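Trainee: kindly generate the corresponding structure for this input.
(chains A and B)
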Amino acid sequence: MNAVMPTGGLSLDQAPRLSIPAAFFLTLPAGILAAGFILMFTGSTALITPLMPQTLALVHAATLGVLAMGMIGALYQMTPVIAGTPVPFTRIAPLVQALLVVGLAGFIWRLLGGPIWSMSAAIFCFAIAFLAFLIPLGWALLRPGTNNETVQGMRLAIISLMTVTLIGLVMARGYSGHGFPDNRFLWMQIHLTLALIGWVGGLIMSVSWQVIPMFYLAPVVSKTLMRLLFSLLLAGLVLPFVAIFAAQEVSDFLTPGQLAAIGALPAAVVVWLLHPLLILRNISRRKRRRRDTSLMFWKAGLIIALLLIPSAILVFLLPDPRWQVLFGWLAIWGWAGMIMHGMLSRIVPFLVWFHRYSARVGLEPVPSMRSLLPQRRIQIGLVLHLSSVILGVAAILIQQDMLARLTGVILAATAISLGSMLFHVLKRRPD
Amino acid sequence: MGKSVSDIFTVLGFEKPDIVDLRDLEAPEPMEKILMSCSELAVGDFFLAQLPHIPTPLFPHLEARGLKWWVHEQEDQSALLLIRREQ
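Mentor: Numbers count the residues shown, from 1 in each chain, chains lettered A, B, ... in the order given. Take a look at the predicted model:
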């Protein structure tokens, strides 16, 4: 947009009500609490191998109950602002949220020994929830007012989520009395790659282009670099499929899973090496070095991201399934979880200030955004979250039951801290 | 900045308002400063600011206050924002 834009653009009614993202964000602590309880009650059983039902329950409490809730809430909020197009039918957002919560409860229940019908119900709830979310959001992202690099990344994340959901639903049928698909492990690998790299990585990367300069005054990443990283990410998400279908003609020595992993390498390098290095460098060059605990979350998450490729190499080379669990723990709760927690501590006060106070600026005294959430509350969350990541790593490596249960306790404490922080900010209203 | 401000915003005519540089402020401080300054604008007056990026969330507030605005994105993705109180 290099020309002068005339008056016009977003109207107040295009931005969603604060209650929509806030409701999703408030569900996050419940997801963390669920993960904490699973660890408290199953102990190290959930940390031995990724194929244990307890591990799958733990992983999905974190990915669906925490990451997806935060990302869906954020997408409802960000899409009209960044893409310049309102998301239609946002009135069904509470239904999406309720179906996700009920679906996740049924999913976890079945994996922890519940009846078969609870998984069937979970599949039904997830299918309706994701359709009700993806269709309106996809509609808005396909016809954006602004087609910048962030919008392209959001689109890629949404397409990844669509594929992840489809594969996930087919695999979940294995727990509802139907068989698992052929090549279950290969499909699981694709599910995991698309979820972590395409959906989570794609969204973290594209959103960082906007929020890191906006909230922390770090240098803006050049469009050329954004496009290069996006192309590599896209290539790394498409190549695994090519590798699988061409597997027999390409190699007699590598399994389709190994070929798919090699195909995903460009994308993995983007989200777990180039993007973290680039953002860490930009953060170190920011214009105003104000102490900000939410930035510490970003730094911790990005540093943990740098451990993921070495960790994936260990998974590739060593047969011990603990390395796979360690990789998942670091990726979900270390990298994505830390960044999500940090973003909430920055974005929720911003949204509250924007929705409830900004219209009064210049007309009456209003509190500053920073005064809405004391840094002390964010610091407590940081210490708890980081402690749980470290304790979890120790529990996975040592396979000590008490450590695993203690990790669950710290996760629960993190959930309480985050919940209390969110309530503290969201209850603030003008006098 | 290649072009002059009056080349970018022809609506300025011969007026040359000072550019208030808000690029070194983190969100939402630029919005706060702009809304504070605009509350003091007299009818027909301009307010010109340079921001770190296009301030999309600000626009509905400007419109709600009856202010007319024009924005220009620069090569470095910073933005020039011109605001006028018309009534």
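Trainee: from now on I want contacts and neighbour counts done on CA atoms only, so please keep to that.
Mentor: OK.
Trainee: quick one: which helix or strand includes residue 81?
Mentor: Assuming you mean chain A. Element membership for A:Val81, per DSSP states H and E: helix A:69-83.
Trainee: think we crossed wires, I meant chain B
Mentor: strand B:79-85.
Trainee: just the buried positions in that strand, please.
Mentor: B:79-85 (16 or more other Cα atoms under 10 Å in any protein chain shown).
Trainee: list the neighbouring strands of it plus their orientation.
Mentor: Strand pairing for strand B:79-85, using DSSP bridges, gives strand B:46-51 (antiparallel), strand B:67-73 (antiparallel).
Trainee: kindly reformat the ones you listed as CSV containing mean pLDDT and mean neighbour count.
Mentor: Output for the strands paired with strand B:79-85, formatted as CSV (pLDDT from 0 to 100; neighbours: other Cα atoms under 10 Å in any protein chain shown):
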stretch, mean pLDDT, mean neighbour count
strand B:46-51, 92, 21
strand B:67-73, 90, 21
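Trainee: out of those, the one nearest A:Ala268 is which?
Mentor: Of all the strands paired with strand B:79-85, it is strand B:67-73 that lies closest to A:Ala268, at 32.6 Å by Cα to Cα.
Trainee: and that closest one, how far out from the chain's middle?
Mentor: Remark: strand B:67-73 is offset 6 Å from the chain centroid, using Cα atoms, centre = their mean, to the nearest Å.
Trainee: got it, and stretch A:118-125?
Mentor: 22 Å.
Trainee: how about the residues of chain B by chain A?
Mentor: B:8-9, B:24-28, B:32, B:35-39, B:52-53, B:56-57, B:59-61, B:68-75, B:77 (Cα under 8 Å from any Cα of the partner chain).
Trainee: just the buried residues out of the residues you listed, in ChimeraX syntax.
Mentor: Buried members of the residues of chain B next to chain A, defined by 16+ other Cα under 10 Å, are picked up in ChimeraX with:
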select /B:8,9,24,25,26,27,28,32,35,36,38,52,53,57,59,60,61,68,69,70,71,72,73,74,77
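Trainee: please flag which of the residues of chain B next to chain A sit within helices.
Mentor: B:8, B:32, B:35-39, B:59-61 (DSSP state H).
Trainee: low-scoring stretches of chain B, by residue?
Mentor: Across chain B, the ranges flagged by pLDDT under 70 are B:1-2.
Trainee: model confidence for the residue in the stretch 251-400 of chain A that chain B sits nearest to, exactly?
Mentor: Nearest residue of the stretch 251-400 of chain A to chain B: A:Gly362, at 4.2 Å (Cα to the nearest Cα). Looking at A:Gly362, its pLDDT stands at 88.
Trainee: Three-state assignment for it, please.
Mentor: In three-state terms, and counting by DSSP: H, G, I helix; E, B strand; the rest coil, A:Gly362 is coil.
Trainee: ok, it - contacts?
Mentor: B:32, B:35-39 (Cα atoms under 8 Å, 6 or more residues apart in numbering or on different chains).
Trainee: ok and the residue in chain B nearest chain A?
Mentor: Taking Cα to the nearest Cα, chain B has B:Met36 as its residue nearest chain A, at 4.2 Å.
Trainee: that residue contacts A:Ala359, doesn't it?
Mentor: No - contact criterion Cα atoms under 8 Å: B:Met36 and A:Ala359 do not qualify, at 10.7 Å.
Trainee: number of residues surrounding A:Leu397?
Mentor: 15 (other Cα atoms under 10 Å in any protein chain shown).
Trainee: for it, which non-adjacent residue is closest in space?
Mentor: Leaving aside its chain neighbours, A:Leu397 sits nearest to A:Arg322 (6.9 Å; criterion: Cα to Cα, 6 or more residues apart in numbering or on different chains).
Trainee: thinking that neighbour is in contact with A:Ala46, fair?
Mentor: No - if you go by Cα under 8 Å, A:Arg322 and A:Ala46 don't touch, sitting 10.6 Å apart.
Trainee: out of these two, which sits in the more crowded spot?
Mentor: A:Ala46 (25 against 19).
Trainee: for the residue nearest to B:Cys38 when sequence neighbours are not counted, what are its contacts?
Mentor: Nearest non-adjacent residue to B:Cys38, counting by Cα to Cα, 6+ apart: B:Phe47, 7.2 Å away. Contacts were defined as Cα under 8 Å, 6+ apart; by that measure B:Phe47 touches B:17-19, B:37-38, B:41, B:82-84.
Trainee: and B:Phe47, bridged to which residues?
Mentor: Applying DSSP bridges, one finds that B:Phe47 bridges with B:Ile83.
Trainee: state the distance from it to B:Glu86.
Mentor: Counting by Cα to Cα, to the nearest Å, the gap from B:Phe47 to B:Glu86 is 12 Å.
Trainee: and the contacts of A:Gly362, which two are furthest apart?
Mentor: Across the contacts of A:Gly362 (Cα to Cα), the longest gap, 10.7 Å, separates B:Glu32 and B:Ser39.
Trainee: A:Thr42: neighbour count?
Mentor: The burial count for A:Thr42: 18, using other Cα under 10 Å.
Trainee: and for A:Phe253?
Mentor: A:Phe253 - counted by other Cα under 10 Å - has 10 other residues nearby.
Trainee: follow-up on the earlier one: list the contacts for the residue nearest to A:Leu397?
Mentor: When contacts are counted by Cα under 8 Å, 6+ apart, A:Arg322 touches A:47-49, A:396-397.
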